[in-house]
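> Model the structure of this input:
(chains A, B, C, D, E and F)
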There are 4 protein chains.
Amino acid sequence: MTERARRAQIVSAAIEAIAELGCSKATYRQIAARAGLSSTGLISYHFADRAELLTEVVRDVLGRFGAFVVARLDEHETAAAQLRAFLTAQIDFSAGNRAAMRALRRIQADADITDSPNQAFAELVESDHKGLAELLRQGIRRGEFREFDPDAMAVFVLALRDGVLSRLRDHEPDELDVIRQELTTMIDLATRGNP
Amino acid sequence: MTERARRAQIVSAAIEAIAELGCSKATYRQIAARAGLSSTGLISYHFADRAELLTEVVRDVLGRFGAFVVARLDEHETAAAQLRAFLTAQIDFSAGNRAAMRALRRIQADADITDSPNQAFAELVESDHKGLAELLRQGIRRGEFREFDPDAMAVFVLALRDGVLSRLRDHEPDELDVIRQELTTMIDLATRGNP
Amino acid sequence: MTERARRAQIVSAAIEAIAELGCSKATYRQIAARAGLSSTGLISYHFADRAELLTEVVRDVLGRFGAFVVARLDEHETAAAQLRAFLTAQIDFSAGNRAAMRALRRIQADADITDSPNQAFAELVESDHKGLAELLRQGIRRGEFREFDPDAMAVFVLALRDGVLSRLRDHEPDELDVIRQELTTMIDLATRGNP
Amino acid sequence: MTERARRAQIVSAAIEAIAELGCSKATYRQIAARAGLSSTGLISYHFADRAELLTEVVRDVLGRFGAFVVARLDEHETAAAQLRAFLTAQIDFSAGNRAAMRALRRIQADADITDSPNQAFAELVESDHKGLAELLRQGIRRGEFREFDPDAMAVFVLALRDGVLSRLRDHEPDELDVIRQELTTMIDLATRGNP
DNA sequence: TATGAATGAGGTTTCATTCAT
DNA sequence: CATGAATGAAACCTCATTCAT
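The predicted model follows:
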């Protein structure tokens, strides 16, 4: 079996284990069991460290996540449409990758601020924020949006995204359509220029 | 030393340790050191379990948090004012209890879904949500708010709260005033009835 | 059981294990078995590190060794007599502490030059050499010995000591008396002034 | 690549690794790295055992060592001259093969008494001793040396050799000339017949 | 109650070795 | 012959917990 495939398999099992058990109980034994490995040594063989494994998990999920969202954004032109796409894309990805998203949040909460996985995460949040603020700034400049502080609004939009994701994480996805509709309305109300 | 005082002391040390080190590194040794205890056995003596200790930490923080917010809410009458008070109270408590809030989030993220501390947390989130939705429903009924889905809006408001708290956690509190102002505006725009 | 006694017991078991099996096979399991401990964790409880345990072994043996030799040296006054006492004391100690001496040599050979146990050892060798050279220098000054280079002779005397000890380590002590007698003669011939 | 050459290459890398790191840290990985091998499996392929590899290392060094000394001895006829040649040859070989000699000592010190590498070593020491004792016995018989116990004197001479080598190992070789000169004098004094 | 030594399970990691390719 | 992934035993160490004092 090729190294790459094995690493992917282990990362995938780690995501499952962390999502299900939490970071501290997602031991090598649990991960190995989920991946069908015969020895925890095989994990150490492919990853130098527990830290490296967690970093890889974060990198993997964030990578897929980012690619998914960027592809959706590219389909739209106006700032308002992109803003909507930004939110719905993330909600859709999350709905389809619940375990991965849950694992992500758990790793982030467990890690020391100085730890490598957390740095990757912090960078993403920051770049998310900057990109979104820029999008909003453009929308204001073009007159699509009313005048507001783009940084503050970026915080709110990201917050709404996270909150919705968190809600979807813990409840059945029945609500999804209502929430999606209301979210769009709310964002529109909060951002649009005077009619 | 009285049992009660000792337990409180240990809980307090546990909050420090968890906030600083994360759940998995907040060992009894670390907690004992922070509490000035000479033996980790003393923690086991006062708490049946690690789970019981964590549950107690959650209960303690949530208790203080809830009392603080309720007191603030009681000062207001209209739904709109209570909504604003709900948000600012939580932001203020968080700003003054950063370690406790961070510990809370870490415990929640680390716990197994079935674990007792996580259940306490889930209950709180649910009651938060229900209380808020009821508040919004009242506001709609009284004509203070426009017609929206109160459950969805509750999700959004809680999301905004969490996002703002998270932002304040990781950045200097300079932004606090701008964000607070913009938040009020946004909530008003999103909720108010037609002018 | 007091900490001190437990540490001594573990050190003693470690000496046995190292002497018998060599450094790399003297695992915590072996040591725990020899000490009658129920868990290897108990060794970790009393010693921070394997390095600390080995350092302690070295310190223990060298301490007893040094005390024994100094006591013997103090019984004599002339340089020639002290030189003889120096040699015979060490031979006697070694004969009575074969396991300890063997463990010492093994630790020294295994350790990196930078390791802490080896530093303790290197210091002892150096101080041995200096003390002996000074003794020889005095003997020359007083006319007890012929003119020779005291540093070189110190090397030889220590070499003879080590060689004899090594020989005694690997062979039955039958030869002890002959060797002791011949050694005295040899040293006399090599050091004494012209008659 | 021929089997023979590969084995030699591995042995050579093992010598380096052991000399530098000590027995317990000279893992297959280290050895493979030093030999430029791409897999530790290759070592297992050419040597049945770690024990066999160590035995081979010992055999290799001792073989070269012995050949070197024998060649030097053959240049001399009198017992006194051969005794001097015996010592200087060993010192010279050691000076030119420091890593190999250090590896040798480390293997010996680490090995279980029953282990194969140690047996090879013990045999050498014994044969060294016997050859030397025989040389001395001859010298006495021929009247070149005074009357002494040849076995004891052999112990001393070997001891002097080892001590000098050890000293040279740990100190700059500046002292070499003084020590060599003094050693000759000392041996002469200790062995020569009455003048 | 408090102490601190003891316990035993379990953590990650490394090792020599095997085996399919 | 060579490779490198896989194996499983065993290493050291830490943890929450227990227990005698």
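
> for chain A, what helix or strand is lowest in average pLDDT?
Lowest by mean pLDDT, DSSP states H and E among the helices and strands of chain A is helix A:176-191, with a mean of 83.

> Would you mark the buried spots in it?
The neighbour-count check on helix A:176-191 (16 or more other CB atoms under 10 Å in any protein chain shown) flags A:Leu176, A:Ile179, A:Arg180, A:Glu182, A:Leu183, A:Thr185, A:Met186, A:Ile187, A:Leu189, A:Ala190, A:Thr191 as buried. For every residue, glycine as well, the C-beta is placed using N, CA and C.

> quick one: is the longest helix anywhere in chain A near chain B?
Counting residues, the longest helix found in chain A (DSSP state H) is helix A:116-141. Yes. Using CB under 8 Å from any CB of the partner chain, helix A:116-141 reaches chain B at A:Ala122, A:Val125.

> Just give me the neighbour total for A:Ile15.
24 (other CB atoms under 10 Å in any protein chain shown).

> mind listing the strands for chain A?
Along chain A, counting by DSSP state E, no stretch forms strands.

> Close to chain C: what parts of it are there?
Neighbours of chain C within chain A, by CB under 8 Å from any CB: none found.

> What residue spans form the domains of chain A?
Using automatic domain parsing, the domains assigned to chain A come out as A:1-47, A:48-191.

> for the least confident helix or strand of chain A, packing partners?
Helix A:176-191 is packed against helix A:79-96, helix A:150-170, helix B:150-170, helix B:176-191, with contacts defined by 3 or more CB pairs under 8 Å, 6 or more residues apart in numbering or on different chains; DSSP states H and E.

> what's the angle between that helix and helix A:116-141?
60 degrees (axes from the mean of the first three to the mean of the last three CA atoms, to 10 degrees).

> Next, the residue nearest to A:Asn118 when sequence neighbours are not counted: phi, psi?
Closest residue in space to A:Asn118, ignoring its immediate chain neighbours: A:Ala111 at 3.9 Å, by CB to CB, 6 or more residues apart in numbering or on different chains. Note on A:Ala111: its backbone torsions stand at phi -70, psi 150 [degrees, to the nearest 10].

> In contact with A:Ala111: list those residues for me.
By CB atoms under 8 Å, 6 or more residues apart in numbering or on different chains, the residues touching A:Ala111 are A:Leu54, A:Pro117, A:Asn118, A:Phe121, B:Gly22.

> from these, which single one is nearest chain D?
Among the contacts of A:Ala111, A:Leu54 lies closest to chain D (CB to the nearest CB), at 24.5 Å.

> hang on, the closest one packs against A:Ala120?
No. In this structure A:Leu54 lies outside contact range of A:Ala120 using CB atoms under 8 Å: 9.7 Å.

> So for those two, which residue has more residues nearby?
When A:Leu54 and A:Ala120 are compared for neighbours, A:Leu54 comes out ahead with 26 against 17, by other CB under 10 Å.

> residues in contact with the more buried one?
Contacts for A:Leu54 (CB under 8 Å, 6+ apart) come out as A:Ala14, A:Cys23, A:Ile107, A:Ala111, A:Asp115, A:Ser116, A:Pro117.

> Including pLDDT, could those residues go into TSV?
Shown next, in TSV, are those (pLDDT from 0 to 100):
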residue	pLDDT
A:Ala14	97
A:Cys23	92
A:Ile107	90
A:Ala111	79
A:Asp115	72
A:Ser116	73
A:Pro117	70
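
> Nearest to B:Ala100 among these?
Nearest to B:Ala100 among those: A:Ala111, at 19.2 Å, using CB to CB.

> So what touches the least confident helix or strand of chain A?
Residues outside helix A:176-191 that contact it (CB under 8 Å, 6+ apart) are A:80, A:83-84, A:87-88, A:91, A:95, A:136, A:139, A:145-146, A:148, A:153, A:156-157, A:160, A:164, A:167-168, B:148-149, B:151-153, B:155-156, B:186, B:189-190.

> Kindly report the same for stretch A:127-147.
With contact meaning CB under 8 Å, 6+ apart, stretch A:127-147 is reached by A:78-80, A:82-83, A:86, A:148, A:150-151, A:153-155, A:157-158, A:191-194.

> Now do the buried residues in that stretch.
Under the neighbour-count criterion of 16+ other CB under 10 Å, stretch A:127-147 has A:Asp128, A:His129, A:Leu132, A:Ala133, A:Leu135, A:Leu136, A:Arg137, A:Gly139, A:Ile140, A:Glu144, A:Phe145 buried.

> repeat for stretch A:62-75
In stretch A:62-75, counting by 16+ other CB under 10 Å, buried: A:Leu62, A:Phe65, A:Phe68, A:Val69, A:Arg72, A:Leu73.

> Distance of the third one relative to C:Asp74?
With distances taken as CB to CB, to the nearest Å, A:Phe68 is found 84 Å from C:Asp74.

> Surely A:Gly22 touches B:Arg106?
No. In this structure, A:Gly22 is not within contact of B:Arg106 by CB under 8 Å, at 10.4 Å.

> overlap in contacts of those two?
Taking CB under 8 Å, 6+ apart as the contact rule, A:Gly22 and B:Arg106 both touch A:Asp110.

> and the gap between A:Ala13 and A:Arg7?
Between A:Ala13 and A:Arg7 the distance is 11 Å, computed by CB to CB.

> Looking at these two, which is more packed in?
With neighbours defined as other CB under 10 Å, A:Ala13 and A:Arg7 compare such that A:Ala13 has more, 20 against 16.

> residues touching the more buried one, list them.
Shown in contact with A:Ala13 (CB under 8 Å, 6+ apart): A:Ile31, A:Ala32, A:Arg34, A:Ala35.

> Quickly, which of the domains of chain A bottoms out on average pLDDT?
If you rank the domains of chain A by mean pLDDT, domain A:48-191 sits at the bottom with a mean of 87.

> what about that domain and DNA strand E, any contact?
Yes. Judged by CB under 7 Å from any atom of the strand, domain A:48-191 comes into contact with DNA strand E at A:Ala48, A:Asp49, A:Arg50, A:Ala51.

> residue contacts, the last one?
By CB under 8 Å, 6+ apart, the residues touching A:Ala51 are A:Asp115, A:Ser116, A:Pro117.

> who wins for neighbours among those?
Most surrounded of the contacts of A:Ala51: other CB under 10 Å gives A:Pro117, at 24 neighbours.

> Next one: that one from DNA strand E, what distance?
14 Å (CB to the nearest atom of the strand, to the nearest Å).

> in terms of contact, does that residue touch A:Val57 like I think?
Yes. A:Pro117 lies in contact with A:Val57 (CB under 8 Å); the separation is 7.5 Å.

> Which residue does chain A have closest to chain D?
Nearest to chain D, among the residues of chain A, is A:Tyr45, at 11.8 Å (CB to the nearest CB).

> and that residue, how far is that from chain B?
Using CB to the nearest CB, to the nearest Å, A:Tyr45 is found at 23 Å from chain B.

> How about A:Ala109?
Separation of A:Ala109 from chain B (CB to the nearest CB) stands at 3 Å.

> Same question for A:Val157.
Separation of A:Val157 from chain B (CB to the nearest CB): 9 Å.
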